[in-house]
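Peer 1: give me a model of this one.
(chains A and B)
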Amino acid sequence: MHAAPDSLATRVAVLRRRRARGRTRAAGGMLLLLLAGLALTLSLGQSFTPPGDVLRVLAGVEVPGASFTVGALRLPRAVLSILAGMSFGLGGVVFQTMFRNPLASPDIIGISAGASAAAVFAIVLLGWSGTTVSVLAVAAGLGVAAAIYLLSWRNGVAGARLILVGIGIAAMLESVIAYVLLRAPAWSLQDALRWLTGSVNGATLEQALPVLLSLALFGGLLLALRGSAELMRLGDDTAAALGVPLARDRALIVLAAVGLIAVATAVTGPIAFVAFLSGPIALRITGPGRAPLVPAALTGALLVLVADYAGQHLLPGRYPVGIVTGALGAPYLIYLIIRTNRTGGRP
Amino acid sequence: MTAAIAPGPTAQAILRRRRARAGWLVLVLLALAGAAVLSVALGTRDVGWSAILAGVRGGTDTIAEAVVAVRVPRTVLAALAGAALGLAGAVMQGVTRNPLADPGILGINAGAAMAVVIGIAWFGMVRLEAFLWTAILGAGLAAGFVYAVGTMGRGGATPLKLALAGAATAIAASSFTVAIILPRNDIAGGVRSWQVGGVGGATWEAILPCLPLLAAGFVLCLISARSLNLLALGDEAAAGLGARVAWARASAALGAVMLCGATTAICGPIGFVGLVVPHLCRLLIGVDHRWLLPFSALAGAILLILADVLGRIVARPSEMDVGIVTAFLGAPVFIWIVRKRRVRDL
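Peer 2: You can find the predicted model right below:
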């Protein structure tokens, strides 16, 4: 007895292969888009730099004029945008996948606000800088995540309760940020905006380094654990039955996601809604199936890069990236609420 | 909810409840007086009782007396704002039949703030009367929008949907507010201190123009108590008992919006007072809106005065704005309310 050519198993296998190919193609397309965006932001700003000059600057050749505008201004900004966007996108989609709810993203349930409050406290009041700020931000992000989890625990964690508890915690933390900013000795609107909405103004390559390291460390950890993350989506019992060490893997996944969000937040501030938007957009592009980790990271990078470019050059006046993504994200959140209503409660 | 309408509380029981409520009323009034005294007496600078008495009478001969003279309008403003927010919160919870309704959570304060900033930046508003009307307009638009989004489709306005619609609206409004302020350095400083709610800079000149609006809002809210009691039974039952449901809801909401808008125009957005106060009052005196509404107003006044005093004491020698203190007092209560309810009701 052998299987007919169009048995269920073959059909599923063909479908899976086609899906996988589609996902790879989508990710490849997004990578190309990201490169195109990078090329655009590097060569076209207030003034136009020919692509040849841009390439020479990237290769380390001293080009009069272009070395400053491209090498010192545009490149660090673009690099930081991409790295932070990847961190936010990846961290966000992990949370959304784990709680099976697009609203459970770290910027809505207060984890970004926690990291931001810790960072602004360390920088403004304690005068810290660099890695220590990142470490404190990660610790605060983990603390907030644990607090939200414990506070919403009542015979298990329900998504709705978790989100509402998170909104309450976020409101409290935002008033901490406002308070610290009011206490700041030399108050500048630009600095304040970084901690309120997120911004990549005045980026340097040194700032981008911790974000790169955290992306390599935590992002790698997440990719390594993606198998058990997939199984956890089937429900805790099924995952445990299939041999996933639930407690250990979940702790590692949360650690990695919070680490990504917190380190990026310590540098750029909580860029509004990138974590919330990237996952659903990536899912829309790649189609249903596995959690779109890499596509979400690419989407996040593209979002931050393009939104920052729009805020700098396309809008009247210059706005930090968080204002642009905030204006993009709020209508989507409202759309999601309305759609939730139509589907009768299932987001 | 059922206690007020359950059949057959005996005459004795009704009498007992009335007496208990009267007792609470006396206590709350005493507490309000005590809070007011504390607010005038305590602050960053220590003053003696003689200076306090002289300052309250309007004396400004010594620094201590002048300090007290500044604290008096501040206390009055805190009382007015607290009463307005507490009452507005109770009315909103009644209108939406929703335990998480609060002018801060629902994005109404953010809407009012955005409207005021637009008025300052685009229309060159300077007069306080103009601020007031603009803030009320903004509050009304935000309230209508959030309620429309939250109730759209099946299932009606669950706490989760309303809170999320409010959060989204607040984020969009504050993004827009920042975008307006950003290119205008001249107004940025003033707007920034106003964006964290506070009662610090209160003067009689700023308080007086708001009084008619606040009074109108108080009256509209307080006379809606009976219809709110009916609405609590559900729309059909309320209509069957002779309430004009849409009309009752609209007029009560208008009153609440006027109170929130006027308060935000003077003090900036102050969150969580409208959430916490009605819940505490419900624990004390039950769910009858005829009692709940006035109690919420009084308790709101007490809460905001005490929060203001606390903000002056904890951060000596400087001050912590009252909006920050209320967030710290209110967020735990918010979480407690969320935890208390079953997931299905969220």
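Peer 1: switch to C-alpha atoms for all contacts and neighbour counts from now on
Peer 2: OK.
Peer 1: need the residues of the stretch 151-300 of chain A near chain B, please.
Peer 2: Contact residues (C-alpha under 8 Å from any C-alpha of the partner chain) of the stretch 151-300 of chain A with chain B: A:151-152, A:154, A:158, A:160-161, A:164-165, A:167-169, A:171-172, A:175-176, A:178-179, A:182, A:189, A:197.
Peer 1: which of those are buried? Put it as a ChimeraX command.
Peer 2: The ChimeraX command for the buried members of these (criterion: 16 or more other C-alpha atoms under 10 Å in any protein chain shown) is given here:
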select /A:151,152,158,160,161,164,165,167,168,169,171,172,175,176,178,179,182,189,197
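Peer 1: which ones among the residues of the stretch 151-300 of chain A next to chain B map onto helices?
Peer 2: Among those, DSSP state H puts A:151, A:160-161, A:164-165, A:167-169, A:171-172, A:175-176, A:178-179, A:182, A:189 in helices.
Peer 1: do whichever strand or helix holds B:Ala256 and chain A meet at all?
Peer 2: In this structure, B:Ala256 sits in helix B:245-267 according to DSSP states H and E. No - using C-alpha under 8 Å from any C-alpha, helix B:245-267 never reaches chain A; the gap is at least 15.4 Å.
Peer 1: tilt between whichever helix or strand comes after that helix and helix B:245-267?
Peer 2: Tracing the chain past helix B:245-267, the next element assigned as helix or strand by DSSP H and E is helix B:273-285. Angle, helix B:273-285 to helix B:245-267, by axes from the mean of the first three to the mean of the last three C-alpha atoms, to 10 degrees: 120 degrees.
Peer 1: what helices or strands is helix B:273-285 leaning on?
Peer 2: Packing contacts for helix B:273-285, counted by 3 or more C-alpha pairs under 8 Å, 6 or more residues apart in numbering or on different chains; DSSP states H and E, involve helix B:11-41, helix B:63-95, helix B:289-314, helix B:322-340.
Peer 1: residues from the stretch 201-346 of chain B in reach of chain A?
Peer 2: Close to chain A, as judged by C-alpha under 8 Å from any C-alpha, the stretch 201-346 of chain B has residues B:320-321, B:323-324, B:327-328, B:331-332, B:334-335, B:338-339, B:343, B:346.
Peer 1: residues near residue 51, how many?
Peer 2: Picked chain A for this. 14 (other C-alpha atoms under 10 Å in any protein chain shown).
Peer 1: not quite, go with chain B.
Peer 2: As a burial measure, B:Ala51 scores 22 neighbours (other C-alpha under 10 Å).
Peer 1: and the closest residue to it other than its chain neighbours, how far is that from chain A?
Peer 2: Leaving aside its sequence neighbours, B:Ala51 sits nearest to B:Glu65 (C-alpha to C-alpha, 6 or more residues apart in numbering or on different chains; 5.0 Å). Distance, B:Glu65 to chain A, by C-alpha to the nearest C-alpha, to the nearest Å: 28 Å.
Peer 1: which residues touch B:Glu65?
Peer 2: Going by C-alpha atoms under 8 Å, 6 or more residues apart in numbering or on different chains, B:Glu65 touches B:51-52, B:54-55, B:59.
Peer 1: give me the nearest residue to the residue nearest in space to the middle of chain B, chain neighbours excluded.
Peer 2: In chain B, the residue lying closest to the centroid (C-alpha atoms, centre = their mean) is B:Leu85, at 1.1 Å. The shortest distance from B:Leu85 to any non-neighbouring residue, by C-alpha to C-alpha, 6+ apart, is to B:Gly274 (5.0 Å).
Peer 1: please tell me how far that neighbour sits from A:Val176.
Peer 2: 20 Å (C-alpha to C-alpha, to the nearest Å).
Peer 1: same thing with B:Pro332?
Peer 2: Applying C-alpha to C-alpha, the value for B:Pro332 to A:Val176 is 14 Å.
Peer 1: and B:Arg19, by the same measure?
Peer 2: 43 Å.
Peer 1: do the same with B:Gly89
Peer 2: Look at B:Gly89 and A:Val176: by C-alpha to C-alpha, they are 23 Å apart.
Peer 1: quick one: the residue nearest to B:Leu85 and B:Ile105 touch, right?
Peer 2: No - applying C-alpha atoms under 8 Å as the test, B:Gly274 and B:Ile105 come out as separate, 9.4 Å apart.
Peer 1: the more surrounded of these two?
Peer 2: Taking other C-alpha under 10 Å, B:Gly274 and B:Ile105 do not tie; B:Gly274 has more neighbours (32 against 26).
Peer 1: and that one, what does it touch?
Peer 2: Counting by C-alpha under 8 Å, 6+ apart, B:Gly274 makes contact with B:85-90, B:101-104, B:300.
Peer 1: ok, so of the residues you listed, who is nearest B:Gly34?
Peer 2: The closest of the contacts of B:Gly274 to B:Gly34 turns out to be B:Gly300 (C-alpha to C-alpha; 14.2 Å).
Peer 1: if we can go back for a sec, with pLDDT added, can I get the residues of the stretch 201-346 of chain B next to chain A in JSON lines?
Peer 2: JSON lines is the format used below for those (pLDDT from 0 to 100):
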{"residue": "B:Met320", "pLDDT": "84"}
{"residue": "B:Asp321", "pLDDT": "85"}
{"residue": "B:Gly323", "pLDDT": "87"}
{"residue": "B:Ile324", "pLDDT": "88"}
{"residue": "B:Ala327", "pLDDT": "89"}
{"residue": "B:Phe328", "pLDDT": "89"}
{"residue": "B:Ala331", "pLDDT": "90"}
{"residue": "B:Pro332", "pLDDT": "91"}
{"residue": "B:Phe334", "pLDDT": "90"}
{"residue": "B:Ile335", "pLDDT": "90"}
{"residue": "B:Val338", "pLDDT": "87"}
{"residue": "B:Arg339", "pLDDT": "87"}
{"residue": "B:Val343", "pLDDT": "63"}
{"residue": "B:Leu346", "pLDDT": "61"}
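Peer 1: buried subset of the residues you listed as a ChimeraX selection?
Peer 2: A single ChimeraX command selects the buried members of these (16+ other C-alpha under 10 Å):
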select /B:320,321,323,324,327,328,331,332,334,335,338,339,346
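Peer 1: tell me how far B:Cys210 lies from B:Ala216.
Peer 2: For B:Cys210 relative to B:Ala216 (C-alpha to C-alpha), the value is 10 Å.
Peer 1: so between these two, which is more surrounded?
Peer 2: Counting neighbours by other C-alpha under 10 Å for B:Cys210 and for B:Ala216 shows that B:Cys210 has the greater number, 20 against 14.
Peer 1: okay, buried residues for stretch A:311-324 please.
Peer 2: Neighbour-count burial for stretch A:311-324, counted by 16+ other C-alpha under 10 Å, picks out A:311-313, A:318-324.
Peer 1: hey, C-alpha coordinates of it in PDB?
Peer 2: Taking C-alpha atoms only, stretch A:311-324 is exported to PDB below (Å, rounded to 0.1, in the frame of the first residue of the first chain):
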ATOM      1  CA  GLY A 311       9.600  63.300   9.800                       C
ATOM      2  CA  GLN A 312      12.800  64.900   8.600                       C
ATOM      3  CA  HIS A 313      12.200  65.700   5.000                       C
ATOM      4  CA  LEU A 314       8.700  65.000   3.800                       C
ATOM      5  CA  LEU A 315       6.500  66.800   6.400                       C
ATOM      6  CA  PRO A 316       6.400  70.600   6.900                       C
ATOM      7  CA  GLY A 317       8.700  71.100   9.900                       C
ATOM      8  CA  ARG A 318      11.000  68.500  11.400                       C
ATOM      9  CA  TYR A 319       9.500  65.900  13.700                       C
ATOM     10  CA  PRO A 320      11.200  63.100  15.600                       C
ATOM     11  CA  VAL A 321      10.400  59.600  14.400                       C
ATOM     12  CA  GLY A 322       8.100  58.800  17.400                       C
ATOM     13  CA  ILE A 323       5.600  61.500  16.500                       C
ATOM     14  CA  VAL A 324       5.300  60.000  13.000                       C
END
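Peer 1: now do it: everything it contacts.
Peer 2: Identification of contacts with stretch A:311-324 by C-alpha under 8 Å, 6+ apart yields A:45-46, A:193-194, A:197-201, A:270-272, A:304, A:307-308, A:310, B:175-176, B:178-179, B:182-183.
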